[in-house]
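Undergrad: Below is the sequence, then the predicted model.
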Amino acid sequence: MMYAADFRQQAREGLRGRWPLAILTTLVAGLFGGVPGSGSAGSGGFGEGSLDMEAIHQISPDFLAAMIKLLAVLTILGLVAFIIGGVITLGYCLFSLDVVDKQSTRFGVIFSQFHRFGDGFCLRLLTALYTFLWMLLFIIPGIVAVYSYAMAPYIMAENPNCTAGQALTESKEMMRGNRFRLFCLEISFFGWCILGVLTLGIGFLWINPYMAVSRAAFYREISGTGISVKENSETPVTLEY
């Protein structure tokens, strides 16, 4: 059985000589909401305590208008990311698997699955819906659901005829007995994430692809597909679309 350190080692080996490509690809995919992760985005809110209405009335109308516009833009961007993020995720999973397999790859792989736009959107929608329903029961079942469905994008990405429902079902079966292992893998990056915060987020340019490729290595191991290294595995990667 492989452990977190083994998956991280495979990720480092796959990323050797590919860091610029991996950083650029992860950054762009992330902007479109296409980098898979077991954690879901947290929700923000106002701080505790009562609102000072007098202070609110003293806020400049121009400032309020600017904040409203910013909120509207962020809402639109979030909606766009949700809609197209699913299909971008499929492409990014293929990219991560190419890296961990030490195969020739390119930046444009993240856009290679747009012919499966419906599949990607349905997978993201169903994953969000099922996770939300489990969250209604309690936080723990919701977290379990998040980890249960974590491998669905990889399954769908590698199986062109796979539907969203089939990918979720297969992921749930695949993750039986492996949810805690994935949790341990992600916790192993805790120190790196602290370093990323201390560098004002700059460190995440390297940390995010490192985590993503480690997760791809995890999928390779639990899916039983192993890491396939072909004869052209040393072919240089390019930034061509």
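TA: Right, received. Where do you want to start? Numbering: from 1, shown residues only.
Undergrad: what's S223 in contact with, if anything?
TA: Residues counted as contacts of S223 (Cβ atoms under 8 Å, 6 or more residues apart in numbering) are 151, 154-155, 174. Quick note: C-beta positions are derived from backbone N, CA and C, even for glycine.
Undergrad: what residue ranges in this protein are flagged as low confidence?
TA: Applying pLDDT under 70 to the chain flags residues 38-60, 226-241.
Undergrad: In it, what residue spans correspond to helices?
TA: Listed from the start of the chain, the chain has helices (DSSP state H) covering 4-15, 19-31, 53-57, 61-100, 117-137, 139-148, 152-158, 164-174, 179-187, 190-198, 204-223.
Undergrad: looking at those, which is closest to V109?
TA: Closest to V109 of those, according to Cβ to Cβ: helix 61-100, at 4.4 Å.
Undergrad: counting contacts, what elements does the closest one pack onto?
TA: With contacts defined as 3 or more Cβ pairs under 8 Å, 6 or more residues apart in numbering; DSSP states H and E, the secondary structure elements packing on helix 61-100 are helix 4-15, helix 19-31, helix 117-137, helix 152-158, helix 204-223.
Undergrad: Closest one of the contacts of S223 to G17?
TA: Of all the contacts of S223, the one with the least separation from G17 (Cβ to Cβ) is Y154, at 23.4 Å.
Undergrad: Tell me who's in contact with the nearest residue to the closest one once chain neighbours are set aside.
TA: Spatial nearest neighbour of Y154, excluding adjacent residues (Cβ to Cβ, 6 or more residues apart in numbering): Y219 at 4.4 Å. Listed by Cβ under 8 Å, 6+ apart, the contact partners of Y219 are 97, 151, 154.
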